[in-house]
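*Asks:* Give me the fold of what follows.
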Amino acid sequence: MENVGIYKPPQKNNAIVDEVSDRFHVNLSNDDLEVTQSAQEKLYEIISQSDEDVSAIRIYIGGGGCGGLSYGMTFTDQKSDFDTMLSFEGFSIYVDVVALNYLRGAQIDYIQETGRERFVFNNVFAETGGTGACGGCSAAGGGCA
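*Replies:* Down below sits the predicted model:
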């Protein structure tokens, strides 16, 4: 994870946000988001070798449409009022409530194959349903209309 910037989330600034913050549980469980032992070990290794002064990984989602959602991770040194958290030995994982809606029930794994190592997000849409791709756009035939 070289050349990765540090994400600094927005902080709440009004009473409406206080009401929203009270509606979700800050601490996640493995039922919400499972991180396999191999993924935990690799994330700890990455954080402990980082030159940055960080103690957490932020999981985020992006994209959408015909290509589906993309999932990623970055270092962070701040927890926002909209974050949920998984704590492990030596680091934490932050997921904002919007991303959690798409990740709930998923598993993050770390796979090592000959010549290729990667994090994999398994079973993403476990509770929300769907596949992450639009079904009626004929993407194989040239893209969405």
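*Asks:* Could you list the low-pLDDT ranges of this protein?
*Replies:* Screening the chain residue by residue with the criterion pLDDT under 70, one finds the ranges 1-25, 64-67, 124-145.
*Asks:* run the last query once more with 90
*Replies:* When the per-residue scores of the chain are filtered using pLDDT under 90, the ranges that remain are 1-32, 50-55, 61-72, 77-82, 97-98, 101-105, 114-115, 123-145.
*Asks:* Please enumerate the helices of it.
*Replies:* Using DSSP state H, the helices found in the chain span residues 15-21, 37-49, 97-103.
*Asks:* hey, which of those helices is tucked in deepest?
*Replies:* Across those, averaging neighbours per residue (mean count of other C-beta atoms under 10 Å) puts helix 97-103 on top, at a mean of 18. For glycine as for every other residue, the C-beta is placed from the backbone atoms N, C-alpha and C.
*Asks:* Determine the set of other helices and strands touching that one.
*Replies:* Counting contacts by 3 or more C-beta pairs under 8 Å, 6 or more residues apart in numbering; DSSP states H and E, helix 97-103 packs against strand 56-63, strand 83-88.
*Asks:* Looking at those strands, which is nearest to residue 115?
*Replies:* strand 56-63 (24.6 Å; C-beta to C-beta).
*Asks:* Please work out the angle formed by the directions of the closest one and helix 37-49.
*Replies:* Going by axes from the mean of the first three to the mean of the last three C-alpha atoms, to 10 degrees, strand 56-63 is angled at 110 degrees with respect to helix 37-49.
*Asks:* could you dump strand 56-63 to PDB, C-alpha only?
*Replies:* Extracted C-alpha coordinates of strand 56-63, given in PDB (Å, rounded to 0.1, in the frame of the first residue of the first chain):
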ATOM      1  CA  ALA A  56      -6.800   2.100  11.300                       C
ATOM      2  CA  ILE A  57      -7.900   1.000   7.900                       C
ATOM      3  CA  ARG A  58     -10.900   2.600   6.300                       C
ATOM      4  CA  ILE A  59     -13.000   0.400   4.000                       C
ATOM      5  CA  TYR A  60     -14.800   2.300   1.300                       C
ATOM      6  CA  ILE A  61     -17.000   1.700  -1.700                       C
ATOM      7  CA  GLY A  62     -17.100   3.500  -5.000                       C
ATOM      8  CA  GLY A  63     -18.600   3.300  -8.500                       C
END
